[in-house]
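Trainee: below is the sequence, then the predicted model.
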Amino acid sequence: MKVSRAALLLVFTFFPLISTVVPAQRQSFAPDHSRMVGYLPEWMIYSGYYPKNLATNGSAKQLTHILYAFANLPAPGSPGAGTCQLGDPWADYETPVSAADSVDGVGDTNTNGLQGNFNQLLKLKKKYPNLRVLISIGGWSWSSGFSAAASTDASRKAFVSSCIQTFIAGQFTDPLDYNVTQPGIFDGIDIDWEYPGACGNTCSYSPNDTENFTLLMQEFRRQLDAMTAVTHKQYDLSIAAPAGAEDYSLIQLGEVQKSLTFINLMTYDLNGAWNNYADHAAPLFTAPNDPIAADKGNSLAGAVTAYLKAGVPAQKINAGIPFYGHGWVGVPAKNHGLYQSATGGAPDDQANYNVLKTLTGFNSYYDPLSGMAHWIYSPSTQTFYSYDDEITVFTKALYIRTEHLGGAMFWDVTGDDTQGTLLHSVYAGLQAW
C-alpha cells in the first residue's frame, strides 16, 4: 500500500479523533510488533535524566528497544585503539543513583558494584521483560577509529571480540577505578559509524571501507551467533544508517542487511544552519513546490525508497524521527520564512522539542505537501525553527505503518517532554488502524 500526501492529509483531519480513540498506553507493542527504538545518551544522567523517566511517563512500556549511546572506539594511536571502550565509566556503572531516581525505588549503595545507568537499565528490563537494550558504538564524535578497526580480518576479529566481551559478557573495566562483571544488560550491538568511505566529524576513512564495512558486520553476526550457542539467547545487530545518497551509496546495503536485525535510518538533519536558507529539517516528503534544487528526494520517504531499491527489506527499516529541531535567524517574513534566505543559525540552532514547544512570540505552521512538516516563525525577530511536533510524528508513523516498515527510531528520548508526548504520538500512529 503506497501512502500519498493526500491520504495523510485526510488522516490528519481526523487526528484528534484517532488520538482519542486509540489510547497511547494501551499495550506493550504496536500491532505487528512495530519497533519503537529510542536512543538514550549516557551523558544525560548529568542533567538529571534517568531510565526511571521512561517508566514514569509510560514510554518504557511502548519502547521495544533502547540504544544506549555511546561506547567509544578510540582512534589509531590512542589508548585502547581498535577495541570497544566504555564511553563514560562514571555515568555507565559507577555513579550511585538515589532511591528517588531509581526505577525500583532502591538506591545504589555507593560500593564497588554495578551502579549508574547500567544498573538502572537492568532494573528497567526487569520491570518490562519485553524491552531490549543495545549498546551503540561510535556516533558522530567517536567514529574515527572504525576504518582502521575494520581494515583487516585480524583487526575485525579483535574489535568485535572486545565489544562482545565488554557488553555482552558484561565485563566492565575502568582503569582508574574498579571493575565489575554483569552479563544480561545488553541484548545486542548497534554500530554507528559516521561514515564508511566518507568524512564525518573527521576524515579518517579509506576507499576500502565499503567492502570492509560489510565484512565487519559479518564478523559481528558470526561472533554474536557463537555467543548465542553458549547462552541460548538471541542477540540483535543494527546500524545507524545515513539518509544522504553521498553516504549510503558507499555502503553495500543489500549485502550488509543480511547480517543485521534492523537498520536505523537517520532521516533527520536533512537541513540545518549549515544551509543559508530556512527549510524543513526532517520532512517526510519533498514538497513539489520546494524551490531549492538540493532538496529533491531529500526526505524520509526518499531515503526509504533508496534503501528498498538497494535490496533492504522494508521490515528491517526503522525510520528515524528527531526529537529536536534546527533554527535560523535573519529570515524574511515572506511565506512565513519557509524557503527564505537566512543570515545564520539561531542562538540555539539544535534545540530539543521540550525546549522549542515552550517558546513564545512565534506562530506555528504546517506544510501538508511535506507530510505535515512543522515550523514556527517570529516575524518580529525573523527567527525560524523547524521541528517535529506530535502531529508531524503521528503522520510519519502512519507512513511507517502503511509502507510496512519495521518501525520508528528516535534521537533521542530525552528530547521529549516530561509527558512523553512525541513518543506516545508515534505509538498511536503505529496502531491507528
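Mentor: Everything's here; your move.

Trainee: lowest-pLDDT helix or strand in this protein?
Mentor: Sorted by mean pLDDT, DSSP states H and E, the helices and strands of the chain end with helix 15-21, the least confident at a mean of 36.

Trainee: residues contacting Leu405?
Mentor: Under the criterion of Cβ atoms under 8 Å, 6 or more residues apart in numbering, the neighbours of Leu405 are Val304, Ala314, Gln315, Ile317, Asn318, Ala319. Where you see a C-beta, it was placed from the backbone N, CA and C, and this is true even at glycine.

Trainee: in strands, which of those residues fall?
Mentor: Among the contacts of Leu405, the subset assigned to strands under DSSP state E consists of Ile317, Asn318, Ala319.

Trainee: who does the second one bridge with?
Mentor: The reference is to Asn318. Note on Asn318: beta-bridge partners Asn264, Gly407, judged by DSSP bridges.

Trainee: quick one, what contacts it?
Mentor: Taking Cβ under 8 Å, 6+ apart as the definition of contact, the neighbours of Asn318 are Arg35, Val37, Phe262, Ile263, Asn264, Leu265, Leu405, Gly406, Gly407, Ala408, Met409.

Trainee: ok, back up a step: after the least confident helix or strand of the chain, next one along is what?
Mentor: From helix 15-21 onward toward the C-terminus, using DSSP states H and E, the following helix or strand is strand 35-41.

Trainee: that next one - contacts with which helices or strands?
Mentor: For strand 35-41, the elements it packs on are strand 65-71, strand 262-266, strand 407-411, helix 421-430, judged by 3 or more Cβ pairs under 8 Å, 6 or more residues apart in numbering; DSSP states H and E.

Trainee: mind putting those in CSV, distance to Leu134 included?
Mentor: Compiled in CSV, the helices and strands packed on strand 35-41 are given as follows (distance: least, Cβ to Cβ, whole Å):
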stretch, distance to Leu134
strand 65-71, 5
strand 262-266, 10
strand 407-411, 11
helix 421-430, 17
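
Trainee: put together CSV for those, with mean neighbour count on each row.
Mentor: Listed next are the helices and strands packed on strand 35-41 as CSV, based on neighbours: other Cβ atoms under 10 Å:
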stretch, mean neighbour count
strand 65-71, 25
strand 262-266, 26
strand 407-411, 27
helix 421-430, 26
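
Trainee: so can I have TSV of the ones you listed showing mean pLDDT and distance to Ala91?
Mentor: As requested, those are exported to TSV (pLDDT from 0 to 100; distance: least, Cβ to Cβ, whole Å):
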stretch	mean pLDDT	distance to Ala91
strand 65-71	98	10
strand 262-266	98	22
strand 407-411	98	18
helix 421-430	98	22
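
Trainee: what lies in contact with stretch 44-54?
Mentor: The list of residues contacting stretch 44-54 from outside it, by Cβ under 8 Å, 6+ apart, reads 38, 40, 59-60, 63, 66, 91, 95, 97, 101-103, 116-117, 120-121, 123-124, 412-414, 418, 420.

Trainee: what average pLDDT does that stretch get?
Mentor: Stretch 44-54 carries an average pLDDT of 98.

Trainee: buried ones in that stretch?
Mentor: Met44, Ile45, Tyr49, Tyr50, Pro51, Lys52, Asn53, Leu54 (16 or more other Cβ atoms under 10 Å).

Trainee: ok, stretch 305-324 next?
Mentor: For stretch 305-324, by 16+ other Cβ under 10 Å, it's 306-307, 310, 312, 316-324.

Trainee: need the CA coordinates for it. PDB is fine.
Mentor: What follows is stretch 305-324 as a C-alpha-only set of coordinates in PDB (Å, rounded to 0.1, in the frame of the first residue of the first chain):
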ATOM      1  CA  THR A 305      12.800   4.400  -1.300                       C
ATOM      2  CA  ALA A 306      16.500   4.300  -2.000                       C
ATOM      3  CA  TYR A 307      17.100   1.600   0.700                       C
ATOM      4  CA  LEU A 308      14.300  -0.500  -0.600                       C
ATOM      5  CA  LYS A 309      15.700  -0.300  -4.200                       C
ATOM      6  CA  ALA A 310      19.100  -1.300  -2.800                       C
ATOM      7  CA  GLY A 311      17.700  -4.600  -1.500                       C
ATOM      8  CA  VAL A 312      16.900  -3.800   2.100                       C
ATOM      9  CA  PRO A 313      13.600  -5.500   3.200                       C
ATOM     10  CA  ALA A 314      11.000  -3.000   4.400                       C
ATOM     11  CA  GLN A 315      10.700  -4.800   7.700                       C
ATOM     12  CA  LYS A 316      14.300  -4.200   8.500                       C
ATOM     13  CA  ILE A 317      14.000  -0.400   8.200                       C
ATOM     14  CA  ASN A 318      13.300   1.800  11.200                       C
ATOM     15  CA  ALA A 319      12.600   5.300  10.100                       C
ATOM     16  CA  GLY A 320      14.400   8.000  12.100                       C
ATOM     17  CA  ILE A 321      12.400  10.700  13.800                       C
ATOM     18  CA  PRO A 322      14.100  13.600  15.500                       C
ATOM     19  CA  PHE A 323      13.100  14.800  19.000                       C
ATOM     20  CA  TYR A 324      14.800  18.100  18.200                       C
END
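
Trainee: for that stretch, the distance to its chain's centre please.
Mentor: Using Cα atoms, centre = their mean, to the nearest Å, the distance from the centre of stretch 305-324 to the centre of the chain it belongs to is 12 Å.

Trainee: average pLDDT across that stretch?
Mentor: Mean pLDDT, stretch 305-324: 98.

Trainee: do the same with stretch 121-136
Mentor: Stretch 121-136 shows an average pLDDT of 98 in the prediction.

Trainee: now Trp328: which helix or strand?
Mentor: Assignment of secondary structure by DSSP H and E places Trp328 within strand 324-329.

Trainee: the top strand by length along the chain to strand 324-329, inter-axis angle?
Mentor: Across the chain, the longest stretch assigned as strand under DSSP E is strand 344-352. Between the axis of strand 344-352 and that of strand 324-329 there is an angle of 160 degrees, by axes from the mean of the first three to the mean of the last three Cα atoms, to 10 degrees.

Trainee: now for strand 344-352, which elements pack on it?
Mentor: strand 324-329, strand 383-387.

Trainee: returning to what we had before: which of the buried residues of stretch 305-324 sits closest to Ser161?
Mentor: Proximity of the buried residues of stretch 305-324 to Ser161, judged by Cβ to Cβ, is greatest for Lys316, which lies at 25.5 Å.

Trainee: pull out the buried residues from the longest helix that the chain contains.
Mentor: For the chain, the longest helix by residue count, based on DSSP state H, is helix 209-231. Of the residues in helix 209-231, those buried by neighbour count under the rule 16+ other Cβ under 10 Å are 209-210, 212-221, 223-224, 227.
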